[in-house]
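Visitor: please find the sequence and the predicted model below.
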Amino acid sequence: MSTAVRSPESFSELTSQQKKSGLAAWLGWMFDGLDMHLYTLVALPFVASLLAVSVADPAGARLASRYASIIQAGFLLGWALGGAFFGRLGDVLGRSRALSLTILTYASFTGLSYFAHEWWHLLIFRFLAALGIGGEWAVGASLLSETWPKKWRPWIAAVLQTGVNVGVLLACLSGELLKHQPPRMVFLVGIVPALLVLWIRQAVPEPEEWHAARHKSGPMPGIPDLFRGDIARVTWPVLVLCGVSLTAHWTFMFWHQTHLRKLPALAGLTPAALNHEALIALLLVMLGSIAGNFLAGGLARCWGYRRAVTVLLAAYAVMMFITYSRDWDYTLLRVFLVGIGMCQGVFALFTMCLPPLFPTLLRTTGAGFCYNFGRIVAAAGTVFFGLFNQVGDYRQALLYAAFLFIPAALLGLRLPEEVTPVRA
């Protein structure tokens, strides 16, 4: 007579492996957020210094904005390629090994950005750092989907995404502490995550599910298998959903800082004071996002992933449209930024609902390929919407980007039913 294995009801009932894998993924994502956003804090002044132009001069500011957007596009492209590359390594070498390699990659090249003396130096370093950042998402998500109980996944997704938010807050803190230093100094903070690798390699074992699948006989599946048979019917809608939603999201994340720096209400501030206001704005977005992660988890528990994703993407469209439909009072604008942050909880749901859609030996490959394909599209979108900077109308660029969330919400309805979480 078989006995069903009871799912853990409390944190104390989780195994040591589950706790360690959860901590490793959370820390990896936290440092992901740190290294990811150090550049956005100093993009305009640092790129301007590399080009030897002044952001106070309109022509110099436009030139710096153009090259800053190209560097960000290179970062997003590297993020996408890294997701595919390290996603494949995660299936072949194992989740723990691949996680260590991703962290070591993004920590090393973020630190090396300090030594950039030409704009294309920074482009190369940000591209290489992004390889690790993109890979960490797919590997960490798959590690948790294979080690944590299914009914816990909406909440672990919220906690995991909060790691990114905390990392961004740490980037904000770094920017505040170093606001009187040359912009390049912030990149040295990005070296710290490399220390995490030593602990992961010793303490975090590979999931039993991966071991079992890896040692079965038969050929190892590859990327072409994502577009064959039943798997293709999952791959295509997920691929397009990620492409459209991430383009709109990253247009906001990159250009809302530039929009804020050009507001008439902040005209005349010193560079240090302007950096402080930009940091406060990003802080408000991240605080809203942390709350949004748990809102998303609650919606997923009540409605399932499909409806929760659809509603949050639609809400993101509405909040972006309201925020950038007109020139609001500066105080009210900051309130709207909190609302936009709350809608970003939708990306926490992607963490746990995408990997289980794919077979074990295609899990990090499939999740990484689909999610990071969105970053290739987002890279082009960042530059495209940046073209509006020719006339300095950053608000208009952000307003138009909001409309992309409408088809994204409709595509959310195409998520397979199988990802609906099991209720307790």
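Guide: Done, it's in. Remember, it's a predicted structure, so these values are computed and weren't measured experimentally.

Visitor: give me the number of residues near residue 204?
Guide: 22 (other C-beta atoms under 10 Å). Where C-beta positions appear, they are placed from N, C-alpha and C, glycine not excepted.

Visitor: ok, how many other residues are close to residue 14?
Guide: Residue 14 has 18 neighbouring residues, counting by other C-beta under 10 Å.

Visitor: so it touches residue 8, yeah?
Guide: Yes. Using C-beta atoms under 8 Å, residue 14 is in contact with residue 8, at 5.1 Å.

Visitor: report all helices and strands that the helix or strand containing residue 102 contacts.
Guide: Using DSSP states H and E, residue 102 sits within helix 95-112. Counting contacts by 3 or more C-beta pairs under 8 Å, 6 or more residues apart in numbering; DSSP states H and E, helix 95-112 packs against helix 16-51, helix 58-93, helix 119-145, helix 196-203.

Visitor: what is the subsequent helix or strand relative to the third one?
Guide: Going down the chain from helix 119-145, the next helix or strand is helix 153-177, by DSSP H and E.

Visitor: what are the ranges of the helices in the stretch 251-400 of the chain?
Guide: Ranges of helices within the stretch 251-400 of the chain are 271-303, 305-324, 330-343, 346-353, 363-386, 394-402, based on DSSP state H, counting those that start in this stretch.

Visitor: contacts for the shortest one?
Guide: In this structure, residues lying in contact with helix 346-353 by C-beta atoms under 8 Å, 6 or more residues apart in numbering are 137, 141, 144-145, 153-154, 156-158, 160-162, 242, 245, 249, 292-293, 296-297, 300, 305, 308-309, 312-313, 316, 371, 415, 419.

Visitor: kindly recompute the last result at 7 Å.
Guide: With C-beta atoms under 7 Å, 6 or more residues apart in numbering as the test, helix 346-353 has contacts from 141, 145, 153-154, 156-158, 160-161, 293, 296-297, 300, 305, 308-309, 312-313, 316, 371, 415, 419.

Visitor: mean confidence score for that helix?
Guide: If you average the pLDDT over helix 346-353, you get 88.

Visitor: convert the helix holding residue 102 to PDB, retaining C-alpha atoms only.
Guide: Taking Å, rounded to 0.1, in the frame of the first residue of the first chain, the C-alpha atoms of helix 95-112 are listed here in PDB:
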ATOM      1  CA  ARG A  95      22.000  23.700 -11.700                       C
ATOM      2  CA  SER A  96      24.400  24.400  -8.800                       C
ATOM      3  CA  ARG A  97      27.500  24.400 -11.100                       C
ATOM      4  CA  ALA A  98      25.900  26.700 -13.700                       C
ATOM      5  CA  LEU A  99      24.600  29.000 -11.000                       C
ATOM      6  CA  SER A 100      28.200  29.500  -9.700                       C
ATOM      7  CA  LEU A 101      29.500  30.200 -13.200                       C
ATOM      8  CA  THR A 102      26.800  32.800 -13.800                       C
ATOM      9  CA  ILE A 103      27.500  34.700 -10.600                       C
ATOM     10  CA  LEU A 104      31.300  34.700 -11.200                       C
ATOM     11  CA  THR A 105      30.700  36.000 -14.800                       C
ATOM     12  CA  TYR A 106      28.600  39.000 -13.900                       C
ATOM     13  CA  ALA A 107      30.600  39.900 -10.800                       C
ATOM     14  CA  SER A 108      33.900  39.900 -12.700                       C
ATOM     15  CA  PHE A 109      32.800  42.000 -15.700                       C
ATOM     16  CA  THR A 110      30.800  44.500 -13.600                       C
ATOM     17  CA  GLY A 111      33.900  45.200 -11.600                       C
ATOM     18  CA  LEU A 112      35.900  45.600 -14.800                       C
END
